[in-house]
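For reference, the sequence and a predicted model appear below.
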Amino acid sequence: MTKVVEFIKESYNEMTQKVSWPTWLELQNSAVLVLVASILIALIILGMDESAGNALKLLYKSLA
């Protein structure tokens, strides 16, 4: 049990004294960057999916 208490104390000390937390502005900038990147990747995947779907439709029509 003492090891668990020691671990919690050390963890608390590290989180409050040694970790450098980002500022609110840095957090907002990172969130916007992640949002934009996610939208771009989603649009790229959508384009690939639509292209593959249209290619398969064309192939099926030509075989029928």
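It's in.

Give me the pLDDT for Ala64.
On pLDDT, Ala64 comes in at 76.

what's around it, how many residues?
Number of residues near Ala64 (other Cβ atoms under 10 Å) recorded here: 5. In this view, the C-beta of every residue, glycine as well, is placed from N, C-alpha and C.

Same check on Ser51?
10.

who touches it in this structure?
Taking Cβ atoms under 8 Å, 6 or more residues apart in numbering as the definition of contact, Ser51 has no neighbours.

What segments of the chain are helices?
2-13, 24-63 (DSSP state H).

Residues contacting the shortest one, please?
Outside of helix 2-13, not a single residue reaches it under the criterion Cβ under 8 Å, 6+ apart.

so how far is it off the chain centroid?
Remark: helix 2-13 is offset 31 Å from the chain centroid, using Cα atoms, centre = their mean, to the nearest Å.

Give the rounded mean pLDDT of it.
94.

Residue ranges in the chain under the pLDDT threshold?
Counting by pLDDT under 70, the chain has no low-confidence residues at all.

90 instead?
Applying pLDDT under 90 to the chain flags residues 1, 64.

residue contacts, Ala31?
Under the criterion of Cβ under 8 Å, 6+ apart, the contact list for Ala31 is empty.

Give me the distance between it and Ile41.
Ala31 sits 16 Å away from Ile41, going by Cβ to Cβ, to the nearest Å.

now Ser30
16 Å.

can you check Leu27 too?
Distance, Leu27 to Ile41, using Cβ to Cβ: 21 Å.

next one: Trp24
Taken as Cβ to Cβ, the span from Trp24 to Ile41 is 26 Å.

count of residues packed around Ser62?
7.

Likewise for Trp21?
Look at Trp21: counted by other Cβ under 10 Å, it has 9 neighbours.

Would you mind measuring from it to Glu14?
Distance from Trp21 to Glu14, counting by Cβ to Cβ: 12 Å.

just Leu25 next, same as before
The value you get for Leu25 to Glu14, if Cβ to Cβ is used, is 24 Å.

Next: Glu50.
For Glu50 relative to Glu14 (Cβ to Cβ), the value is 48 Å.

same check, this time on Thr23
Here Thr23 is placed at a distance of 20 Å from Glu14 (Cβ to Cβ).
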